[in-house]
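Engineer: structure of the sequence below:
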Amino acid sequence: MSEERRGTAMGLAAYLIWGMFPLYWPLLEPADSVEILAHRVVWSLLSVAVLLLAIAGRTAWRSLARDARSLSLLALAGVLIGINWGVYIWGVNHGHVVETSLGYFINPLVTVALGVLVLRERLHTMQWLAVGVATAGVVVLTAEAGRPPWIALVLASSFGAYGLVKKIVGVSPMNGLVVEAAVLAPVAAVYLAVSAAHGDGTFTTDGAGHAMLLASTGIVTVVPLLLFAGAAPRIALSRLGLMQYLTPTIQFVIGVAVRHEPLPARRLVGFCLVWLALGIFTVNLIRLPARERQVLGERLVSVNE
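Structural biologist: Reported below is the predicted structural model:
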């Protein structure tokens, strides 16, 4: 198998795993969303720390430990990804899978909008059109539900900001995750200890199978990240960025076909506007000069780290 095909397979596998998360998180009940998040943070830190020690030894962290700016930015990234993980888990386990998929559909457009607001980047006319059409879709969804789709908006904005911070720092996904999880781990560990002391935790009370599922959150987090990291150097980042649409598409199908969440006509119209915006954005991306396509691909891909 060629390196390009291997990279494509790795990328597809990573996005497929992320897409299947709505089937995984409900398996961890009766643990509530906060307990699941706390376990994910702790077990992710343990998993990635062991992996990095096995691969690169202590040298992987020494350069980071001497860079205060990178550490502070990664601490911010940790807070952002913690918000993203928590809202996503809550949304999935409270019957809002379709809305969580919306967050990842609009995420690429939020990413380019943040580039304009923060990095002073300039958008092409077609990119502005895509952002405008997606905004119209969000307005329609707000009118249909009687409230803004806050789950989707928080997911898109937190992940977009997370990707922006990671782009500025410029560290590998694995090294970054160590610091990000380490920032959140003390709070998560205290929460789990207090919950256990008050008899509210489920790790030691609901059987070995449940405990193993909670512990598996670390592996489930790290495996797609490894696949993604393996795909990134093997295929064009613009292609990898376009492949990310696979994840929310799978989530949307799971929400409608498996979880049987309602999809009234006006809600479908809102989603169709968002999909039209993504179509416009994708066509524009494909038509960009190679250098601009590469730069925008890097922006899109960094979000998924």
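
Engineer: mind checking pLDDT for Val303?
Structural biologist: Val303 is assigned a predicted lDDT (pLDDT) of 48.

Engineer: let me redo that: Gly146
Structural biologist: 91.

Engineer: gap between it and Ile81?
Structural biologist: In this view, Gly146 and Ile81 are 30 Å apart by CB to CB, to the nearest Å. All C-beta atoms are positioned from the backbone trio N, CA, C, and that covers glycine.

Engineer: between these two, who's got more neighbours?
Structural biologist: Neighbour count, other CB atoms under 10 Å: between Gly146 and Ile81, Ile81 has more, with 26 against 6.

Engineer: in this structure the more buried one contacts Glu180, no?
Structural biologist: Yes: the criterion here is CB atoms under 8 Å, and Ile81 meets it with Glu180 at 5.7 Å.

Engineer: list the contacts of the helix or strand encompassing Leu268.
Structural biologist: Using DSSP states H and E, Leu268 sits in helix 265-287. If you take CB atoms under 8 Å, 6 or more residues apart in numbering as the criterion, helix 265-287 is touched by 98, 102, 105-106, 108-109, 112, 124, 126-127, 129-134, 136-141, 143-145, 238, 241-242, 245, 252, 293, 296-297.

Engineer: got the residue ranges for the helices in the stretch 151-300 of the chain?
Structural biologist: Along the stretch 151-300 of the chain, counting by DSSP state H, counting those that start in this stretch, helices occupy 173-197, 207-231, 237-243, 246-253, 265-287, 290-303.

Engineer: quick one: the second one to helix 246-253, angle?
Structural biologist: Read it as helix 207-231. 140 degrees (axes from the mean of the first three to the mean of the last three CA atoms, to 10 degrees).

Engineer: in helix 207-231, what's buried?
Structural biologist: Neighbour counts using 16 or more other CB atoms under 10 Å place 210, 213-214, 216-218, 220-222, 224-228, 230-231 of helix 207-231 among the buried residues.

Engineer: centre of the chain to that helix, how far?
Structural biologist: 15 Å (CA atoms, centre = their mean, to the nearest Å).

Engineer: also the fourth one?
Structural biologist: Centroid separation for helix 246-253 versus its chain: 13 Å, with CA atoms, centre = their mean.

Engineer: packing partners of that helix?
Structural biologist: helix 3-19, helix 97-119 (3 or more CB pairs under 8 Å, 6 or more residues apart in numbering; DSSP states H and E).

Engineer: can we see that at 10 Å?
Structural biologist: Applying 3 or more CB pairs under 10 Å, 6 or more residues apart in numbering; DSSP states H and E, we find helix 246-253 packed against helix 3-19, helix 21-24, helix 97-119, helix 265-287.

Engineer: rewinding a little: show the buried residues in the contacts of helix 265-287.
Structural biologist: Buried, going by 16+ other CB under 10 Å: 98, 102, 105-106, 108-109, 112, 124, 127, 129-131, 133-134, 136-138, 140-141, 144, 238, 241-242, 245, 252, 293, 296-297, out of the contacts of helix 265-287.

Engineer: point out where the stretch 1-150 of the chain drops to low pLDDT.
Structural biologist: Counting by pLDDT under 70, the stretch 1-150 of the chain shows low-confidence ranges at 1, 56-67.

Engineer: can you rerun that using 90?
Structural biologist: Along the stretch 1-150 of the chain, segments meeting pLDDT under 90 span 1-5, 7-8, 11, 48-74, 107-128, 131, 145.

Engineer: my guess is Pro262 contacts His96. True?
Structural biologist: No: the criterion here is CB atoms under 10 Å, and Pro262 misses it with His96 at 11.2 Å.

Engineer: between those two, which one's more packed in?
Structural biologist: With neighbours defined as other CB under 10 Å, Pro262 and His96 compare such that His96 has more, 23 against 9.

Engineer: how about the nearest residue to the more buried one, chain neighbours excluded?
Structural biologist: Excluding its sequence neighbours, the residue lying closest to His96 (CB to CB, 6 or more residues apart in numbering) is Ile151, at 5.4 Å.
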